[in-house]
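Engineer: let's see this in three dimensions:
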Amino acid sequence: MAKENKKNATRTSIDELNESLSSLEQRVEQNKKKVVWYVVGLIVIIAIGLGYYYGIHRSGIDGASELIGKADISLAQGNDSIALTQYQAVAAEYSNSVSNRANLNAAILLYQEGKYQEALNSLNEYSIDDELVGAAAESLKGDCLVNLKKYDEALAAYDDAISTSADNALYTPLFMMKKATVLSAQKKYAEAATIYQNIKDSYPKYLMAYRVNIDKYIDRANFLANQK
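Structural biologist: Numbering: from 1, shown residues only. Below is the predicted model of the structure:
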């Protein structure tokens, strides 16, 4: 029984990034290849919501506005592959706020297709012009880097997401969870435990709202740290 308990306690995987976003209570083995839908969905919703403003009312960029408006419609209709092509066309042809958003939306769709390096390339062309969306974009960059097994760079991206989110009660602890998950995957359990404890101390409303059993994460990280 002791061996079995130890085995379960060491079942930490980088794929828990998906668990921390889509269902913090599910086991990581049930989410092996699941896309990080929560943050991706956040950016898509915000992007579509801003589409009317950026796509119609910005003067001097009518051509880009028309094209990205079509891409937004394609995305809203569920034609992701068509939308991706349209966003990439806008990003390649124009250099303005519309093309900036096109790069971000293209990155989201590429990530959903599992094209992590291409998604990262698009994200690297994106300039942060909004605190919340910018933080989510940095987090998505970290997700791409995790899937590319560039864990140290992913940690840096999550740090950027945390700082950009400016202590947002909803998203800052979410990004902290992701950072702690990567640290656990690197067997830096003590550091992960510290982050989990910070989340518990600083964001109790987040934990209650999403029914996150943070003590489970703290206990496991501390247990594994003591096994080293």
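
Engineer: looking at the helix or strand hosting residue 100 now, give me its mean pLDDT.
Structural biologist: Taking DSSP states H and E as the criterion, residue 100 maps to helix 97-112. Per-residue pLDDT over helix 97-112 has a mean of 92.

Engineer: what's the answer for stretch 176-191, then?
Structural biologist: 96.

Engineer: before we move on, the earlier item: ok now the next helix-or-strand element following the helix holding residue 100, how far from the chain's centre?
Structural biologist: Going down the chain from helix 97-112, the next helix or strand is helix 116-124, by DSSP H and E. With Cα atoms, centre = their mean, to the nearest Å as the basis, helix 116-124 stands 13 Å off its chain's centre.

Engineer: circling back: give the buried residues for the helix holding residue 100.
Structural biologist: Of the residues in helix 97-112, 98-112 count as buried by neighbour count, 16 or more other Cβ atoms under 10 Å. In short, each C-beta sits where N, CA and C put it, glycine included.

Engineer: repeat for stretch 178-193
Structural biologist: In stretch 178-193, counting by 16+ other Cβ under 10 Å, buried: 178-186, 188-189, 191-193.

Engineer: now render these as CSV, adding distance to residue 89 and secondary structure.
Structural biologist: Output for these, formatted as CSV (distance: Cβ to Cβ, whole Å; DSSP: H, G, I helix; E, B strand; the rest coil):
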residue, distance to residue 89, secondary structure
178, 32, helix
179, 35, helix
180, 39, helix
181, 36, helix
182, 34, helix
183, 39, helix
184, 41, helix
185, 37, helix
186, 39, coil
188, 42, coil
189, 46, helix
191, 43, helix
192, 42, helix
193, 47, helix
